[in-house]
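Q: predicted model and sequence follow; I will ask about them next.
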Amino acid sequence: MKSTLLRVLNNFSQSIDTSLLINVSKQKFLAPVYHLVSDVRVQHIQHLYPIRSIQTFKNDLDYLLSCYEPINLKELIRTVHGGKEMIKNTFFLSFDDGLSECYHIIAPILKEKGVPATFFLNSAFIDNNDLFFKYKLSIILDTILRSKNAEALILRVKELFTKNKVLFKDIQTSLLSLRYNHTSMINSIALELNIDFTQYLKEHSPYLSTEQIQALIKEGHTIGAHSIDHPLYADLKMEDQLLQTKESVNFISNQFSLDYKTFAFPFTDFGVKNEFFDKMYTHNQVMVDLSFGSAGIKKDVSKFHIHRFPMERTRESAKTLINTELLYYICKMLVNKNRISRS
């Protein structure tokens with residue numbers, strides 16, 4: 001139902017003025033989120049989501065700046081904690097996973113356009129000390145698909161699925177369906193196929209280094225936590241959710257001497273209960289100043305939790321993406337479905 005409606009709205013989105021949709025929806029705030037920008041093939045991302053090209057990203061920023069004014073993280077914290085509404089049309093830009101393209105490609109563009117950003121980092125991956133399990137899966141899949149012996153490799157992977165009592169369909173569906181708790185199995189598959197993730201990290205340096213992060217901060221950007229090693233929170237017990245959050249937030253804050261603490265959920269906050277937010281924002285021990293989800297333009301029961309709008313779901317222009325989301329919000333206004341409730 002949702003996908004059908006979005007396709008219909010997408011067809012009309014180019015012909016409508018964004019400012020009109022902002023006025024009708026009364027949503028003056030937008031929080032676009034990306035991961036990376038690149039004109040080259042990125043093996044650890046290749047099979048996960050579309051990558052915005054450099055020119056597309058520049059076009060995105062130009063369009064955002066034509067409709068909104070940028071706000072930095074510290075201003076956003078003050079605004080939310082002050083209980084204030086946005087007077088002007090405002091956007092907050094962020095990037096997840098702490099990828100090295102944020103330093104090499106994105107930061108120079110942001111400087112050129114005069115836009116501040118926040119980079120949410122996984123504490124275990126800084127300085128290329130480890131690799132996100134989904135990135136491992138993309139590398140494995142890409143290695144198989146580009147191999148002359150693909151059929152033989154697929155059979156070896158299928159045997160490992162059977163050994164671990166995991167259902168195997170086709171190679172792409174099966175690999176990309178593996179989850180955080182399959183990390184040991186993922187590493188076994190890589191070993192079977194002679195894929196060395198440690199060597200990959202050394203050769204490609206997919207993540208930001210400590211020095212690069214410090215340079216981004218010096219340029220006026222801000223950083224936040226994105227968990228220790230990027231699990232889906234709905235798959236974790238409450239104590240593990242809190243551990244992932246608290247340890248990553250404290251590490252980022254202490255490592256870079258921050259006077260603020262923020263956290264962006266890896267993947268999504270779908271399935272995270274009210275109890276978690278209650279513990280995160282208790283009066284005697286506030287874990288973070290703000291937290292961020294990625295459910296699009298939505299309100300949340302927690303006033304300190306902000307939802308961002310993913311810009312990498314499709315290759316459509318910024319205008320199409322934003323207008324479709326605003327139209328979808330307006331449609332949901334009619335049935336009062338724009339606030340996320342939690343058990």
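A: Arrived safely, thanks for sending.
Q: show me the strands in the stretch 201-343 of the chain, by range?
A: For the stretch 201-343 of the chain, strands defined by DSSP state E, counting those that start in this stretch occupy the ranges 222-225, 262-264, 281-282, 285-286, 290-293, 299-300, 305-307, 309-310, 339-340.
Q: what helix or strand is residue 12 located in?
A: helix 2-13 (DSSP states H and E).
Q: same for that helix, what does it pack against?
A: On a contact count with 3 or more C-beta pairs under 8 Å, 6 or more residues apart in numbering; DSSP states H and E, helix 2-13 meets helix 318-333. Bear in mind the C-beta positions are built from the backbone N, C-alpha and C, glycine included.
Q: buried sites along the helix it packs on?
A: By 16 or more other C-beta atoms under 10 Å, the buried positions in helix 318-333 come out as 318-332.
Q: and stretch 184-191, by the same measure?
A: Buried, per 16+ other C-beta under 10 Å, within stretch 184-191: 185, 186, 189, 190.
Q: so where's the protein shaky on pLDDT?
A: 1, 283-285 (pLDDT under 70).
Q: quick one, longest helix in it?
A: Scanning the chain for the helix with the most residues, using DSSP state H, yields helix 238-255.
Q: now the helix holding residue 12: how far from the chain's centre is it?
A: 23 Å (C-alpha atoms, centre = their mean, to the nearest Å).
Q: now for the nearest residue to residue 197 once chain neighbours are set aside, how many residues are close by?
A: Nearest non-adjacent residue to residue 197, counting by C-beta to C-beta, 6 or more residues apart in numbering: residue 131, 5.2 Å away. Neighbourhood size, residue 131 [other C-beta atoms under 10 Å]: 23.
Q: swap in the one 10 residues further on?
A: Other residues within reach of residue 141 by the criterion other C-beta under 10 Å amount to 20.
Q: still on that earlier bit, ok now the longest helix of the chain, how far from the chain's centre?
A: For helix 238-255, the distance to the chain centre is 17 Å (C-alpha atoms, centre = their mean).
Q: kindly report the same for stretch 129-139.
A: The answer for stretch 129-139 is 15 Å, by C-alpha atoms, centre = their mean.
Q: next: stretch 153-167.
A: With C-alpha atoms, centre = their mean, you get 30 Å for stretch 153-167.
Q: okay, buried residues for that stretch please.
A: Buried-residue list, stretch 153-167, by 16+ other C-beta under 10 Å: 153, 154, 157, 160, 161.
Q: could you dump that stretch to CSV, C-alpha only?
A: The C-alpha coordinates for stretch 153-167 follow below in CSV (Å, rounded to 0.1, in the frame of the first residue of the first chain):
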residue,chain,number,x,y,z
LEU,A,153,31.9,-20.2,-5.3
ILE,A,154,28.1,-20.1,-4.9
LEU,A,155,28.1,-23.9,-4.2
ARG,A,156,30.6,-23.4,-1.5
VAL,A,157,28.6,-20.6,0.1
LYS,A,158,25.4,-22.7,-0.2
GLU,A,159,27.2,-25.5,1.8
LEU,A,160,28.0,-23.1,4.6
PHE,A,161,24.4,-21.9,4.7
THR,A,162,23.3,-25.5,5.0
LYS,A,163,25.9,-26.2,7.7
ASN,A,164,24.7,-23.2,9.7
LYS,A,165,21.0,-24.2,9.2
VAL,A,166,20.2,-21.0,7.3
LEU,A,167,17.8,-21.0,4.4
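Q: show residues contacting it.
A: 140, 143-144, 147, 168, 171, 174-175, 178, 182, 185, 188-189, 192-193 (C-beta atoms under 8 Å, 6 or more residues apart in numbering).
Q: now, those residues that are in helices?
A: Those of these lying in helices (DSSP H): 140, 143, 144, 171, 174, 175, 185, 188, 189, 192.
Q: now, of the residues you listed, which are buried?
A: The buried subset of the ones in helices among the contacts of stretch 153-167 - by 16+ other C-beta under 10 Å - is 140, 143, 144, 171, 174, 175, 185, 189.
Q: phi, psi for the residue nearest the centre of the chain please.
A: Note on the chain: the residue nearest the mean C-alpha position is residue 96, at 4.3 Å, using C-alpha atoms, centre = their mean. Here is the backbone geometry of residue 96 (degrees, to the nearest 10): phi -100, psi 160.
Q: quickly list what it is bridged to.
A: With DSSP bridges applied, residue 96 shows beta-bridge pairing to residue 120.
Q: can you tell me the closest non-neighbouring residue to residue 99?
A: Residue 99's closest residue in space is residue 36 (C-beta to C-beta, 6+ apart), at 4.6 Å.
Q: coming back round to it: tell me the angle the very next helix or strand once past the helix holding residue 12 makes with helix 2-13.
A: Downstream of helix 2-13, the next assigned helix or strand under DSSP H and E is helix 18-25. Calculated by axes from the mean of the first three to the mean of the last three C-alpha atoms, to 10 degrees, helix 18-25 forms an angle of 130 degrees with helix 2-13.
Q: and helix 18-25, which residues are buried?
A: 18, 21, 22, 25.
Q: export these as a markdown table, with columns for distance to residue 288.
A: Shown next, in a markdown table, are those (distance: C-beta to C-beta, whole Å):
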| residue | distance to residue 288 |
| --- | --- |
| 18 | 31 |
| 21 | 31 |
| 22 | 28 |
| 25 | 28 |
